[in-house]
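Novice: predicted coordinates and the sequence they were generated for:
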Amino acid sequence: MKKRCAVFFGVAILIMAVLAAIAGPYINGQVSAALDRSIYKNLKNFTEVLDIVEKNYVEPVDAKKLLQGAINGMIKNLDPHSSFMTPEMYKELELETRGSFGGIGIEITIHKDVLTVVSPIEDTPAFQAGVKSGDKIMMIDGKPTKDITIMDAVKRLRGEKGTKVTISVLRGNEAKLREFVITRAIIKVISVKHKLLDGGIGYVRLSSFQDKTADDLKKAVREMTAKNEPLKGIVLDLRNNPGGLLNQSIEVSDLFLKSGVIVSTKGRSKGMESKVSARDKGDEIVAPMIVLVNEGTASAAEIVSGALQDNGRALILGAQTFGKGSVQTVIPLEDGSALKLTTARYYTPKGRSIQAEGIAPDVIVKYIRPGSDGEEEEQEPIREKDLKGHIKSAQEQARPVEEGDREGELLQRRMKNSAPRKELPLKRPFGDVDADNQLKAAVDMLKSWDIFKRNLVKN
């Protein structure tokens, strides 16, 4: 009995330590306020339940495994972006931020209890196979994904280079599954690609924000202006950019701004309040600018879009962005595990919250897939506001929206009697203006601006 009590007391202490780790640095040290009497009472209930499980469950249980499950449940109930990571999961996260990991190359989320693709990462096996934003992954290697967690899905999708994984997805209003047999590869995300287009227009594609993105962007611009000919315009493509490192989004924004606020953050504690402004270094990129965005533009990419839009530095063209405007702080724990905890919201220079709202483009241009005769197939875009348990925007708080289960029922009906169908690989030449109507619209606008500018000067 004494042994059991010691284990239960240890479990309670561990939970309190986790709460202290969360609260201590981020609520001005007021840990005692967070751990009030009601929490101590609930911890007592927890130890009682643990005692019952330990004594009466049909098979022996691992106290550590139960504790991790309890922490998982606690963090899972917060929002879609907070999570508890085992030591192995934490190492995977560190690999991602360095831009190299094994897998198929997709950003995923849980949308209305269904594993869903936020966006494929450009030039990865998933992208080349034709996986699209909004695809609902119903099976991985023939096993249903019902009730799967993000971390479990990542574990099943990743693997050694050269091995294969099969995913079965539902797309749009289609009645049958599409089957993708994808060969895993070492995913080395090339965050910056560039091309000098006709008419002196520079095209730069940022696929994510990694640790050298800003430096690579500087290098790209230098290469496009190697002949000492200034760019007549620049298109910054942030479509399907899921975000990445906050400091890199700030540095990228600073490359185009001489002054003005870039981004601000606000959380529960004053320690999470910050405001970052541009610095006039004298080498900013001054060419007229258009930023391409879509429903897959998220997080750090939305920070850049909002900064350039609010400071009047660039026109935003495309579709409404994802709306992921919350700050996740990674808090390492003593055993090598970690918490990824939402601690603040992002705000644009004009004080607009990105969370569950996104960035509205100045010019709306719907993407038309080449060969679709001007009609793109219906595919419901997935955005932050669609995610179960997301942190609500001010508009949503003022006008609550009820979450229904109609889509879940529809998915169940469509899963019945559905036969897999294979998808042909997708190939799209980089920077091909004729094959990309949104890029073409941006280039035409910049060329028109140059013509207007010359004519206005003459007159």
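Specialist: Alright, I've got the coordinates.
Novice: so which helix or strand of this structure has the lowest pLDDT on average?
Specialist: One helix or strand of the chain scores below all others by mean pLDDT, DSSP states H and E: helix 406-415, with a mean of 43.
Novice: hang on, residue 356 packs against residue 384?
Specialist: Yes. At 5.1 Å, residue 356 and residue 384 qualify as touching, with contact defined as Cβ atoms under 8 Å. (C-beta placed from N, C-alpha, C; glycine too.)
Novice: which of these two has more neighbours?
Specialist: Using other Cβ atoms under 10 Å as the criterion, residue 356 and residue 384 rank with residue 384 on top: 27 against 24.
Novice: just the pLDDT for the nearest residue to the more buried one once chain neighbours are set aside.
Specialist: Closest residue to residue 384 apart from its sequence neighbours, by Cβ to Cβ, 6 or more residues apart in numbering: residue 323 at 3.7 Å. With respect to pLDDT, residue 323 scores 93.
Novice: what residue spans form the domains of this protein?
Specialist: For the chain, automatic domain parsing gives the domain ranges 2-77, 100-188+392-427, 189-328+343-374+442-454.
Novice: give me phi/psi at residue 164?
Specialist: Main-chain torsions, residue 164, degrees, to the nearest 10: phi -110, psi 150.
Novice: any weak-confidence spans in the stretch 1-150 of the chain?
Specialist: Residues of the stretch 1-150 of the chain meeting the criterion pLDDT under 70: 1-37, 95-100.
Novice: do that again at 90, thanks
Specialist: For the stretch 1-150 of the chain, applying pLDDT under 90 flags the ranges 1-51, 54-55, 61-77, 80-81, 83-102, 107-113, 118-124, 132-134, 147-150.
Novice: show me the strands in it, by range?
Specialist: Under the criterion DSSP state E, counting those that start in this stretch, the stretch 1-150 of the chain contains strands at 83-85, 100-103, 106-111, 114-120, 136-140, 143-144.
Novice: any low-confidence regions in the stretch 351-459 of the chain?
Specialist: Applying pLDDT under 90 to the stretch 351-459 of the chain flags residues 368-431, 449-459.
Novice: in it, which spans are strands?
Specialist: Going by DSSP E, counting those that start in this stretch, the stretch 351-459 of the chain shows strands at 363-364, 421-422.
Novice: list of residues touching the lengthiest strand in the chain?
Specialist: The longest strand of the chain (DSSP state E) is strand 338-347. Strand 338-347 is contacted from outside by 18, 21-22, 26, 75, 78-79, 81-85, 90, 93, 263-268, 272-273, 302-303, 325-333, 353-355, 391, using Cβ atoms under 8 Å, 6 or more residues apart in numbering.
Novice: just stretch 385-395 next, same as before
Specialist: Here stretch 385-395 makes contact (Cβ under 8 Å, 6+ apart) with 77-80, 109-113, 323, 326, 342, 345, 353, 355-357, 384, 396, 403.
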